[in-house]
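[1] compute the structure for the input listed below.
(chains A and B)
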2 protein chains.
Amino acid sequence: MVRHVTLPRSETWCLPGARVEDVQTRVPEVVEQHPTASAIAVHVGSNDIRLQQSEKLKSDFTSLIQTILATGKKCIVSGPIPSACFSDMQFSRIRQLHAWLVGYCSRERVPFVDNFGSFWRRRSLFARDGRHLNRAGASLLASNLELALEAHHTPR
Amino acid sequence: MVRHVTLPRSETWCLPGARVEDVQTRVPEVVEQHPTASAIAVHVGSNDIRLQQSEKLKSDFTSLIQTILATGKKCIVSGPIPSACFSDMQFSRIRQLHAWLVGYCSRERVPFVDNFGSFWRRRSLFARDGRHLNRAGASLLASNLELALEAHHTPR
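    Model prediction:
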């Protein structure tokens, strides 16, 4: 879960412990409460990594992205963050998820926020547990998201 | 200029002081010398920022990317790095260039390597001059490029 991420002209929903399919079930509610919002950005996936079901995870992400696109709103995917406490296996899985998401989002023309290099080997951006972001980490994530939102609104 | 960036199964060309149009003029030579290479990744732009001609820079990037695509090879754009010594104006210009490149590459389906968050406010990744990357910075840039190359070869 990511806390303290605030962006201008946006509302942030925080769903502790949520997995990709949990976020998908909340999409209709978000759309209903924010009918005029132009885009939905999702940041999720770390809680799924532990289940070690990479094909299911890809399928869940595909469903989530297509569900958002079907609402007529723009979908933005905020890429996974390599936590400071990940084991080699978890790191390898999150790297694979990242690589697959980059390719999938590119093919679907869904803006992807690349967080990998920003958080890689930067213990100082995580809370004591090594899993959650601290204030500095949340601020960097917000900055990455803001830059992506801006970039995808840049005139030609 | 970026030194010490090495990637597996790749050759790196280093062109000190090169601007976008200088890189473009070298494309035929690169293609001639590497007829079997599948992709050309370019990392350039910082030397153009100083000229403060943002429309010309966009036009130069468009020409460079289209020149590479016309060779039949894949084009990969490695995004600009916010140097530690940039003035507010230079920072603002590089941010604008980044945003424009993200949008342009997305529309053209050209893989874009996002280096912005990785290098933002990280003085420790730069050499003493604050402009060039040190070994740690070059290693991170190589890692970002490698991840992007891998991601765009990931099966569906």
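
[2] you'd agree A:R93 is up against A:Q52?
    Yes - counting by CB atoms under 8 Å, A:R93 does reach A:Q52; the two are 7.2 Å apart. For glycine as for every other residue, the C-beta is placed from the backbone atoms N, C-alpha and C.

[3] the more surrounded of those two?
    The neighbour comparison of A:R93 against A:Q52 (other CB atoms under 10 Å in any protein chain shown) goes to A:R93, with 21 against 11.

[4] and what about the more buried one, helix, strand or coil?
    Reduced to three states with DSSP: H, G, I helix; E, B strand; the rest coil, the structure at A:R93 is helix.

[5] who in chain A is up against chain B?
    A:95, A:98-100, A:102-104, A:106-107, A:109, A:111, A:113-118, A:120, A:140, A:143-144, A:147-148, A:150-152, A:154, A:156 (CB under 8 Å from any CB of the partner chain).

[6] so which of those residues sit within strands?
    A:V113 (DSSP state E).

[7] whichever of the residues of chain A next to chain B end up buried, select them in PyMOL.
    The PyMOL command for the buried members of those (criterion: 16 or more other CB atoms under 10 Å in any protein chain shown) is given here:
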select buried, chain A and resi 95+98+99+100+102+103+104+106+111+113+114+115+116+117+118+120+140+143+144+147+148+151+152
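
[8] any stretches of chain A with poor pLDDT?
    For chain A, applying pLDDT under 70 flags the ranges A:1-4, A:154-156.

[9] mind telling me which residue is nearest the centre of chain A?
    Residue closest to the average C-alpha location in chain A (CA atoms, centre = their mean): A:H43, at 2.0 Å.

[10] look up how far A:F112 lies from that one.
    From A:H43 across to A:F112, the span is 11 Å (CB to CB, to the nearest Å).

[11] ok, now A:I94?
    15 Å.

[12] quick one: which of those two has more around it?
    Using other CB under 10 Å as the criterion, A:I94 and A:F112 rank with A:F112 on top: 23 against 20.

[13] tell me the contacts of the closest residue to the residue nearest to the centre of chain A other than its chain neighbours?
    Nearest residue to A:H43 in three dimensions, chain neighbours excluded: A:S78, at 3.8 Å (CB to CB, 6 or more residues apart in numbering or on different chains). Neighbouring residues of A:S78 by CB atoms under 8 Å, 6 or more residues apart in numbering or on different chains: A:A41, A:V42, A:H43, A:V113, A:N115, A:L141, A:N144, A:L145, A:A148.

[14] which single one of these is nearest to chain B?
    The shortest gap between chain B and any of the contacts of A:S78 belongs to A:N144, at 4.6 Å (CB to the nearest CB).

[15] spatially nearest residue to the closest one (excluding sequence neighbours)?
    Using CB to CB, 6+ apart, the closest residue to A:N144 is B:G117 (4.6 Å).

[16] A:V77: what secondary structure?
    A:V77 ends up strand, using three-state DSSP.

[17] try the one 4 residues further on
    Using three-state DSSP, the structure places A:I81 in coil.

[18] pretty sure it sits against A:S46.
    Yes - counting by CB under 8 Å, A:S46 is a contact partner of A:I81 at 6.9 Å.

[19] which of the two has more neighbours?
    Neighbour totals were compared for A:I81 and A:S46, and A:I81 leads with 28 against 21 (other CB under 10 Å).

[20] ok, and the closest non-adjacent residue to A:L57?
    Closest to A:L57 by CB to CB, 6+ apart is A:D48, at 4.9 Å.

[21] cool, and A:N47?
    Nearest one to A:N47, counting by CB to CB, 6+ apart, is A:R19 at 5.0 Å.

[22] against A:V42, how distant is the one you found?
    12 Å.

[23] ok, A:A18 next?
    Using CB to CB, A:A18 is found at 10 Å from A:V42.

[24] coming back round to it: from A:L57, how far out is the residue nearest to A:N47?
    9 Å.

[25] tell me the contacts of the residue nearest to A:N144?
    A:D114, A:N115, A:G117, A:S118, A:L140, A:S143, A:N144, A:L147.

[26] what's the first-to-last distance across stretch A:71-80?
    24 Å (CA to CA, to the nearest Å).

[27] an error on my part: the question was meant for stretch A:72-82.
    OK, stretch A:72-82 end separation, CA to CA: 31 Å.

[28] list the buried residues of that stretch.
    A:K73, A:K74, A:C75, A:I76, A:V77, A:S78, A:G79, A:P80, A:I81, A:P82.

[29] list just the nearest of those residues to A:H34.
    A:K73 (8.9 Å; CB to CB).
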